[in-house]
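> Have a look at this fold, sequence not included:
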C-alpha cells in the first residue's frame, strides 16, 4: 500500500476543478482510517506520512494536515478527535485593547548619598567592562539607599538582576572591596 498516494487521495478527494476544503477532507480521511481498525504500526506509518506531506503544504492545507496528524494519533489511541481550528488568530485581529493592562513601572527615587557612591562604582566598573555591556546592563540602575556599608540598587527587572549577578560577579565584588561596601539589588517593582 502506497500510503502517500492513499493519504493524498483522502485529503484531496474532490475533483480538481472544485475548491478543496482541506479540513473536511482531513476529517473524512481520519474517519475512513478509523473504520479500517488499523494496527498501531500502521497508524504510525500514516502519521509519519501526514507529517511529510505537511512539510510541503502551506496555509490552510498545512494547518489541516497538522490537525490531521493529531487526529490520526488520537484515533490510533481510541481517543476523541481534537477540535478543528479553522480560523487562525493573526496579529492583525488582536488589538491593544484585547491585551491585559500592564502596570506602568517607574524608576524609583534616587538617594543623593547612594547616587554619589554608585557613580564612584560606575567609574571603576567602566574600566573593567565594555561600553556596550555597561549601556545594556548598568545604565538603568538607580541607587536608592546607602546604609552604613550597604548600597541598595534598583534594577529594571529580575532578568537584569540575574544577568548582572551571574555575569559580572567578579567585577562587582572587586568594586565592592575597593569601596568597602556591600551591594544589594532589588527590582523597580519593589519600590512601587
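It's in. Predicted model only: the values in this text are computed from it and were never measured.
> measure the closest residue to residue 192 other than its chain neighbours to residue 159 for me?
Distances taken as CB to CB, 6 or more residues apart in numbering place residue 105 nearest to residue 192, at 6.2 Å, with adjacent residues excluded. For the C-beta atoms, the positions are set from N, CA and C on the backbone; glycine is no exception. Separation of residue 105 from residue 159 (CB to CB, to the nearest Å): 13 Å.
> Then residue 168?
Note on residue 168: its distance to residue 159, by CB to CB, is 14 Å.
> and what of residue 183?
In this view, residue 183 and residue 159 are 18 Å apart by CB to CB.
> If you count surrounding residues, which of those two has more?
With neighbours defined as other CB atoms under 10 Å, residue 183 and residue 159 compare such that residue 183 has more, 20 against 11.
> The more buried one: what secondary structure?
strand (DSSP: H, G, I helix; E, B strand; the rest coil).
> Tell me the secondary structure of the residue nearest to residue 192, please.
coil.
> What about it, how many residues nearby?
13.
> Could you do the one 5 residues further on as well?
When neighbours are defined as other CB under 10 Å, residue 110 has 14 of them.
> Could you do residue 83 as well?
Residue 83 sits with 8 neighbouring residues when counted by other CB under 10 Å.
> This protein: helices as residue ranges?
3-11, 22-35, 40-56, 59-76, 112-126, 131-137, 158-167, 169-179 (DSSP state H).
> So for residue 187, which of those sits nearest?
helix 158-167 (5.9 Å; CB to CB).
> So which elements touch that closest one?
If you count contacts as 3 or more CB pairs under 8 Å, 6 or more residues apart in numbering; DSSP states H and E, helix 158-167 packs onto helix 131-137, strand 182-187.
> what about the ones you listed, which gets the closest to residue 143?
strand 182-187 (9.7 Å).
> how far out from the middle of the chain is the closest one?
Remark: strand 182-187 is offset 28 Å from the chain centroid, using CA atoms, centre = their mean, to the nearest Å.
> Now that strand: buried residues?
By neighbour count on 16 or more other CB atoms under 10 Å, the buried set for strand 182-187 is 183, 185, 187.
> List the strands paired with that strand, with their directions.
strand 150-155 (parallel) (DSSP bridges).
> what angle do the strand it pairs with and helix 169-179 make?
140 degrees (axes from the mean of the first three to the mean of the last three CA atoms, to 10 degrees).
> Buried residues in strand 150-155, which are they?
Applying a neighbour-count criterion of 16+ other CB under 10 Å, the buried positions in strand 150-155 are 151, 152, 153, 154, 155.
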